[in-house]
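[1] just to be clear, the model below is a prediction. Sequence and coordinates:
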Amino acid sequence: MNENPGPALRILIVDDHTVVRAGLRALLDSEPGFAVAGETGDGTDAVYLVKQLRPDVVLMDLRLSDTGTASSGIDGVEATRRILATSTTARVVVLTSHGHQADVLRAVEAGARGYVLKAGPPEELFRAIRAAAAGGMALAPEAAAQFIGHPAESGPLLSEREIEVVRLLAHGHTNRTIADTLHLAEATIKTHLVRIYRKLGTENRAGTVIEAVRLGLIELN
């Protein structure tokens, strides 16, 4: 018997294909611990709904205007930017058909906590949603693979402990679970992260994982 302690994670679906939204709603509603709070195919409407519905996670299509049905004229990246500028609690997971390097970078720079491909397995989507809601991040291996083979000319090296921290970041762990896994204080993990960000020239967790993959410091599998 499956137990589901605590309230369900509230999810807002943003995709300009009605059939895709219906499929995602059915998939998410069937997964214990998830509840679809609402849906829309428009970026500006998504910003409004986040204020009204207060979802835990926004599942965001990257290219909202591809079909020409979105009336706002803003894509998923801009919608993500606006949502995170006005909400301190919502987390955004990008769900898209594309895993191009430029797209991943734009989504991460906008503040997305996850990047998942529509063709991927449902478990990958579920993991990304849970990781984002917990303050972590998740990047589809296919998306991360876009950065392999593009090493920096001379990048800073991380210590073995710092690489362990980044590797756990890549699997969606929070500071608390990283601390528990490495048998360290949570404050120590925060100190490691400050140093890692400085060494890699990054500003957030997702960007740090991407840069570590690009430099060949970790692999996602």
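    Thanks, I have it. No experiment lies behind these values; they were computed from the predicted model shown. Residues are numbered from 1 along each chain as shown.
[2] what residue lies at the spatial centre of the protein?
    In the chain, the residue lying closest to the centroid (CA atoms, centre = their mean) is Gly114, at 1.3 Å.
[3] that one: what's it in contact with?
    Going by CB atoms under 8 Å, 6 or more residues apart in numbering, Gly114 touches 92-94, 128-129, 131-132, 137-139, 206. Every C-beta, even on glycine, is put in place using the N, C-alpha and C of the backbone.
[4] and for Thr86?
    Counting by CB under 8 Å, 6+ apart, the residues that Thr86 touches are 47, 50-51.
[5] redo that, cut-off 10 Å
    By CB atoms under 10 Å, 6 or more residues apart in numbering, Thr86 lies in contact with 47-48, 50-51.
[6] likewise for Val108?
    Counting by CB under 10 Å, 6+ apart, Val108 makes contact with 77, 80, 94, 114-115, 137, 139, 143, 202-211.
[7] what about 6 Å?
    Remark: with contacts taken as CB atoms under 6 Å, 6 or more residues apart in numbering, Val108 is in contact with 206-207.
[8] could you point out which element follows the worst-scoring helix or strand of the chain on mean pLDDT?
    Within the chain, no helix or strand scores below helix 141-144, which has a mean of 68 by mean pLDDT, DSSP states H and E. Later in the chain than helix 141-144, the nearest helix or strand by DSSP states H and E is helix 160-170.
[9] from the contact counts, what lies against that next one?
    Here helix 160-170 touches helix 186-200, helix 205-214, going by 3 or more CB pairs under 6 Å, 6 or more residues apart in numbering; DSSP states H and E.
[10] quick one on the thing from earlier: tell me the bridge partners for the residue nearest to the centre of the chain.
    Gly114 forms beta bridges with Val93, Ala138, as assigned by DSSP bridges.
[11] mind checking how far it is from Thr18?
    Gly114 is 23 Å from Thr18, where distance means CB to CB, to the nearest Å.
[12] equivalent analysis for Thr80, please.
    21 Å.
[13] who has more neighbours out of these two?
    Thr80 (30 against 11; other CB atoms under 10 Å).
[14] how about the strand or helix carrying that one: buried residues?
    Assessed by DSSP H and E, Thr80 sits inside helix 76-86. Within helix 76-86, the residues scored as buried using 16 or more other CB atoms under 10 Å are 76-84.
[15] please consider this matter closed, and thank you.
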